[in-house]
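S.K.: Sequence first, then the predicted structure, then my questions.
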Amino acid sequence: MTRIVYVNGDWLPEDRATVSIFDRGFLMADGVYEVTTVADGKLIDFPGHVARLERSLRELDMPSPASAEELLAIHREIVAKNGVSNGRVYLQVTRGNPGDRDFVFPDPAATRPTLILFTQVAGRPEDSAEAKRGLKVISVPDIRWARRDIKTVQLLYPSMGKMMAKKAGADDAWFVEDGFVTEGTSNNAWIVKGGRIITRALSNDILHGITRAAVMRYADEAQLKVEERSFALDEAKAADEAFVTSASAFVMPVVEIDGVALGSGRPGPVSQRLREIYLEESRKAAL
Ligand code: PLP
């Protein structure tokens, strides 16, 4: 089915949607993005995603293409136009098309940002085979730039990380820096040991996951204790359980790290409980 996508105020069939070859997103990876989950036709954690988008734009001195209210309306319209029940809305903002290639940022008064959105359809999270079996991850060195808190479209190394995992017969990779796990290629990393739930504290070293923040809130409400601190790769391999969080994966159990099985080698009870709590609570708060 041909999707209807959004490009700078226009609604177009996907095969007629285009962006200039001079767009700075294309030439310089000068762009930021957000992925918002759609569950039962509603947007999950939307206020968090729009707040992070605004922060990413601010950090890069990039003009905002639309207000939070306008973005919510566009999100709702694209979901309706494409009849998405379960899936995602992908949004990207770039510094636009200055008409030529130049390292210097264009004058924002003369070059407006590019805003594009499209939808992706997914199965119901309850039916996820991956969540039932759990993910196998490998560790790879974290050689990304030092502003991982900004959600830029510079995704070549995370993409290479996924390919390294696939080549090794695994599902995903965890980045490791100075012996400590930073995060997954496209998710935040968590471990569980002796009932304690541990995830790295927020800094410029990791993306400030919207799902991570929601899971922290819901865990607190369920009286589950979360420790925000760095953990070493060795500590992770000795954990009872592990999981990752992201808008696309929700809470996804991890059962193996570098070939070492965690606990029983099956999705652990804390990860499964948090997945259930997240799915239930985030749906209640969906817009
Ligand atoms: N960390 C990285 C590097 C990511 O790319 C993502 C999502 O794309 C996340 C964490 C999880 O963020 P969120 O929960 O907001 O999807």
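M.R.: Okay, I see it. Residues are numbered from 1 along each chain as shown.
S.K.: Pull out the CA atoms of stretch 180-193 and give them to me as CSV.
M.R.: What follows is stretch 180-193, C-alpha atoms only, in CSV (Å, rounded to 0.1, in the frame of the first residue of the first chain):
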residue,chain,number,x,y,z
PHE,A,180,31.3,0.4,30.8
VAL,A,181,28.1,-0.1,28.8
THR,A,182,26.8,3.1,27.4
GLU,A,183,23.6,2.0,25.6
GLY,A,184,22.4,-0.2,22.7
THR,A,185,22.6,0.7,19.0
SER,A,186,19.1,2.1,19.2
ASN,A,187,17.9,1.6,22.8
ASN,A,188,18.9,2.2,26.4
ALA,A,189,20.5,-0.7,28.2
TRP,A,190,19.4,-2.1,31.6
ILE,A,191,20.5,-4.9,33.9
VAL,A,192,18.8,-6.6,36.9
LYS,A,193,20.8,-8.1,39.8
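S.K.: what is the rounded mean pLDDT of it?
M.R.: Mean pLDDT, stretch 180-193: 98.
S.K.: Likewise for stretch 100-114?
M.R.: When pLDDT is averaged along stretch 100-114, the result is 97.
S.K.: buried ones in that stretch?
M.R.: Judged by neighbour count (16 or more other C-beta atoms under 10 Å), stretch 100-114 contains these buried residues: Phe105, Pro106, Thr111, Pro113, Thr114. Using the backbone N, CA and C atoms, a C-beta is placed for each residue, glycine as well.
S.K.: swap in stretch 63-78?
M.R.: In stretch 63-78, counting by 16+ other C-beta under 10 Å, buried: Pro65, Ala66, Leu71, Leu72, Ile74, His75, Arg76, Ile78.
S.K.: And stretch 217-227, by the same measure?
M.R.: Residues Tyr218, Ala219, Leu224, Val226 are the ones in stretch 217-227 that count as buried (16+ other C-beta under 10 Å).
S.K.: Likewise for stretch 231-245?
M.R.: Neighbour-count burial for stretch 231-245, counted by 16+ other C-beta under 10 Å, picks out Phe231, Ala236, Lys237, Ala239, Asp240, Glu241, Ala242, Phe243, Val244, Thr245.
S.K.: which among the residues you listed are in contact with the ligand?
M.R.: Among these, the ones lying close to the ligand by the criterion of C-beta under 6 Å from any ligand atom are Thr245.
S.K.: Let me know the closest of the buried residues of stretch 231-245 to Trp190.
M.R.: Phe243 (5.1 Å; C-beta to C-beta).
S.K.: Checking the closest residue to the closest one other than its chain neighbours next. Helix, strand or coil?
M.R.: Leaving aside its sequence neighbours, Phe243 sits nearest to Ser271 (C-beta to C-beta, 6 or more residues apart in numbering; 4.0 Å). What DSSP: H, G, I helix; E, B strand; the rest coil gives for Ser271 is helix.
S.K.: hang on, Arg52 in a helix?
M.R.: Yes: under three-state DSSP, Arg52 sits within a helix.
S.K.: What's the local residue count around it?
M.R.: Burial of Arg52 is recorded as 21 neighbouring residues (other C-beta atoms under 10 Å).
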